[in-house]
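In: structure for this input, please:
(2 chains)
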2 protein chains.
Amino acid sequence: MAELFTVLTVDAARRRLASHLGPRPAEEVELAACLGRSLAADVYAAEDLPGFDRSTMDGFAVRAADTFGASEGLPAYMELDGEVPMGAGAGGPLAPGRVRRISTGGMLPPGADAVVMVEYSEEVDGFLVGITRPVAPLENVIRRDEDAARGDRVLTRGMRLTPQDLGAAAALGRTGLKVFNRPRVGIVSTGDELVPVAAAPGPGQVRNINSVILAGLVEEDGGIPVFHGIVPDRLSEIEAALHEALAGCDLVLLSGGSSVGSRDWTARAIASLGQPGLLFHGLALRPGKPTIGAVALDKPVFGLPGHPVSALVVYLLLVRPLVRRGDYTVPPAFWPARITRSIPSAAGREDYVRVRLRAEGETLWAQPVLGKSGLINTMVPSHALARIPPAREGLEAGDPVEIYLLRGGPDS
Amino acid sequence: MAELFTVLTVDAARRRLASHLGPRPAEEVELAACLGRSLAADVYAAEDLPGFDRSTMDGFAVRAADTFGASEGLPAYMELDGEVPMGAGAGGPLAPGRVRRISTGGMLPPGADAVVMVEYSEEVDGFLVGITRPVAPLENVIRRDEDAARGDRVLTRGMRLTPQDLGAAAALGRTGLKVFNRPRVGIVSTGDELVPVAAAPGPGQVRNINSVILAGLVEEDGGIPVFHGIVPDRLSEIEAALHEALAGCDLVLLSGGSSVGSRDWTARAIASLGQPGLLFHGLALRPGKPTIGAVALDKPVFGLPGHPVSALVVYLLLVRPLVRRGDYTVPPAFWPARITRSIPSAAGREDYVRVRLRAEGETLWAQPVLGKSGLINTMVPSHALARIPPAREGLEAGDPVEIYLLRGGPDS
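Out: Residues are numbered from 1 along each chain as shown, chains lettered A, B, ... in the order given. Reported below is the predicted structural model:
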């Protein structure tokens, strides 16, 4: 079975999967529930923002021309024409030679085109104000369409929504947004060696930790993890669990057992799902080579490597974009760094090395984490994955390297 | 009131707040619900991991010494002594001169100390195996305590838990972890100019977007946002809302109106809460100067600036650590970059400039986003905040600069 499929690059695997997948459904969701979800449609301003000429300072609304030539030695004295109330109209037009008191955020009255800061004014007898410094037109003013003009694109399809993005939508009066739906992601664990996390493993047994890691990743990416338990290494049982997961979910992850038998059954079970079926079996990727990709019932199905680190790498590169948005249109986020030591790699293969990060001046140093790729001794202390591209045969100490963050930063 | 308090640096403000705050309560939470929460107690390995000598390859368990001198020309022929089943004991001891078939993840039998990859073997008649390459002791084996040894510290107090951290906890058999509790964060909006997001603002009115942004930030940081509505600019009403919020929440954010009156009432209302009360009024920070910090009933209370960008900066620097962990022991995460253009700044003041990021070789360029600090035209397009430290009078183009990420990366 495996022999029919060549080892693909990650890019080629993405293209092959994408060519068999339709668009992800979207749904309108209330604003507060959009946090971390991916936007399914551009958002345009339906109105100008802030919508009126607005003061950015406490002081006096003026006609700028009235202040020209004013100085501390020779203030421009003008008549105080009341006060702009907060949250209401600014009142009638401001006549030449007059000023109106205004607070930060207040609306400029018709005729006024600038604000003099209170620091550059002196009040005399409660009805005269001396301006001690000239202002230019529009000084200390946000124009009515300065933050956004009607028709501007404010948020872009595909972006993951942050608190400030939700604030921008709220500023436009949006109480909800169209986001990609939360896909149900079936997680099927196979392997005779696996026991539940709560169990005490017997000889040769290990706890089923991949399902915990995958569920956490799916959750972070806005999906709904659906557990389908631990399935023994028998073709019929794997097939049954896989068909059940496919029927009830939008995407299926098989977290494979590590035995030869288990891996063979996984590939056969995936091949039994229907058209177009298996798309690749093996990636030019380390770790992550023994990965299976398929599409059936228009849904992506992945057979992930059994090693937790390998499963994580494959998830980040191939599965994450599909959980977040259903396509590969937004490339993964890599940051620049320098590698602290030489690392060998085979040409034609993309390698990912776990690294710790250390800032030094303007340089971010990526220090490979040594150890036999255990979860606890290499993954937990790592801040990022450093990428060795397929065209490179390894890196020299000091070489630039792209990194993919595994943690938000030193404080997370 | 304000005159009694000097303008503080952000660091001094942190110290002053911390000196009045007790430890944050913690709670035991089931593993799946710990994602993104901050760990309240170190986690140690209660057992060795993986717990048995484990094969990392498909092949044959051997005594390494039996393979010394083996080559393709002169294989070491040994008797096949059955197969190690997955997820079970490895069977009796492996006698010298024998091999036992083993899968990746299988348990080494007593006596065996290495694994020969199947690629370097040839089976003869089903009962003899020729080994064509020698292995060293422990080759292709993870030792029983190699991923973690009993007593090792595996997760550290204060860390925000990622999927891989939960996997590590699961590997140790932990089905739950002790995390800091989710604080209830009261959000009180004040300002006569504010209308609800769903409303159509009249002249001089703006939508209450700060509460949307703050609620999103609190949610991200593991807190529970509790809205206390929009309160008009009257001392009695602000006091009443503030007392109610303080009684029902663990931390209170007042999102201040921008008028002089509103700001004055906010300070007075906060001062009325009780001991120790106001700790600072004004920060050596831009944006974010008009910030009020207080502690009452052992709970932190902040009066945040009315401008959304200022409120965000203050939240990230002073409020976020308290929502996440209740203290300032873990410093905020800054990354190194270079600034693309010169930026002026006053010495003695910490400045934050919104920037877009662009990778070029090993350099991350931070490009200031120009514009009059509007939410939509400067915050939404920004990837990060660049920090100009208090000791610097601005930056020159090309200078190293520290950045604080506002988005996970280009793909988010």
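In: parallel or antiparallel, list what pairs with the helix or strand harbouring A:Phe60.
Out: Per DSSP states H and E, A:Phe60 falls inside strand A:59-62. Strand pairing for strand A:59-62, using DSSP bridges, gives strand A:98-102 (antiparallel), strand A:114-117 (antiparallel).
In: make TSV out of these and add mean pLDDT and mean neighbour count.
Out: (Glycine included, C-beta is placed from N, CA and C.) Below are these laid out as TSV (pLDDT from 0 to 100; neighbours: other C-beta atoms under 10 Å in any protein chain shown):
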stretch	mean pLDDT	mean neighbour count
strand A:98-102	97	25
strand A:114-117	98	24
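In: okay, these in JSON lines with distance to A:Gly130 next?
Out: Listed next are the strands paired with strand A:59-62 as JSON lines, based on distance: least, C-beta to C-beta, whole Å:
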{"stretch": "strand A:98-102", "distance to A:Gly130": "10"}
{"stretch": "strand A:114-117", "distance to A:Gly130": "10"}
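In: one step back: next structured bit after the strand holding A:Phe60?
Out: Criterion used, DSSP H and E; the element after strand A:59-62 is helix A:64-67.
In: looking at stretch A:318-336 now, give me its mean pLDDT.
Out: Confidence over stretch A:318-336 (mean pLDDT, whole number) is 93.
In: quick one: residues contacting the closest residue to A:Ala40 other than its chain neighbours.
Out: Using C-beta to C-beta, 6 or more residues apart in numbering or on different chains and skipping the chain neighbours, the partner closest in space to A:Ala40 is A:Ala26 (3.5 Å). Contact analysis of A:Ala26 by C-beta atoms under 8 Å, 6 or more residues apart in numbering or on different chains lists A:Ala40, A:Ala41, A:Lys178, A:Val179, A:Phe180, A:Asn181.
In: ok, those residues vs A:Lys299, which is closest?
Out: A:Lys299 has its nearest neighbour among the contacts of A:Ala26 in A:Asn181, at 13.3 Å by C-beta to C-beta.
In: what number of residues lie near the closest one?
Out: 17 (other C-beta atoms under 10 Å in any protein chain shown).
In: what's the pLDDT at it?
Out: At A:Asn181, pLDDT is 97.
In: that one and chain B, how far apart?
Out: Remark: distance between A:Asn181 and chain B (C-beta to the nearest C-beta, to the nearest Å) = 18 Å.
In: these two touch, right, that residue and A:Arg24?
Out: Yes: using C-beta atoms under 8 Å, A:Asn181 is in contact with A:Arg24, at 6.8 Å.
In: tell me which residue in the stretch 251-400 of chain A sits closest to chain B.
Out: In the stretch 251-400 of chain A, the residue that lies nearest chain B is A:Ala333 (2.6 Å; C-beta to the nearest C-beta).
In: A helix includes that residue, no?
Out: No: per DSSP: H, G, I helix; E, B strand; the rest coil, A:Ala333 lies outside any helix segment and is coil.
In: that one contacts A:Glu402, doesn't it?
Out: No: using C-beta under 8 Å, A:Ala333 is not in contact with A:Glu402; the gap is 9.8 Å.
In: ok, which residues in the stretch 251-400 of chain A are in contact with chain B?
Out: With the criterion set to C-beta under 8 Å from any C-beta of the partner chain, the stretch 251-400 of chain A comes near chain B through A:257-262, A:306, A:308, A:312, A:321, A:330-338, A:359-364, A:372, A:374-377, A:379-380, A:400.
In: any idea how many residues pack against A:Phe68?
Out: Count around A:Phe68 with other C-beta under 10 Å applied: 11.
In: report pLDDT for it.
Out: 96.
In: what does A:Arg184 give?
Out: 98.
In: phi, psi for it please.
Out: The phi/psi pair for A:Arg184 (degrees, to the nearest 10) reads phi -80, psi 120.
In: swap in the one 3 residues further on?
Out: Note on A:Ile187: its backbone torsions stand at phi -120, psi 110 [degrees, to the nearest 10].
In: quick one: contacts for A:Val195?
Out: Counting by C-beta under 8 Å, 6+ apart, A:Val195 has contacts A:Pro201, A:Gly202, A:Gln205, A:Val206, A:Arg207, A:Asn208, A:Ile230, B:Gly87.
In: check contacts around A:Val212.
Out: By C-beta under 8 Å, 6+ apart, the neighbours of A:Val212 are A:Val197, B:Leu31, B:Ala32, B:Pro163, B:Leu166, B:Gly167, B:Ala170.
In: same question for A:Pro183.
Out: A:Pro183 touches A:Arg24, A:Gly223, A:Ile224, A:Cys249, A:Asp250, A:Leu251, A:Leu322, A:Val323, A:Gly326, counting by C-beta under 8 Å, 6+ apart.
In: give me the subset of those residues that lies in strands.
Out: When DSSP state E is applied, the contacts of A:Pro183 are split such that A:Ile224, A:Leu251 fall in strands.
In: turn the contacts of A:Pro183 into CSV, including distance to A:Ser121.
Out: Converted to CSV, the contacts of A:Pro183 look like this (distance: C-beta to C-beta, whole Å):
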residue, distance to A:Ser121
A:Arg24, 57
A:Gly223, 58
A:Ile224, 59
A:Cys249, 67
A:Asp250, 63
A:Leu251, 64
A:Leu322, 60
A:Val323, 58
A:Gly326, 58
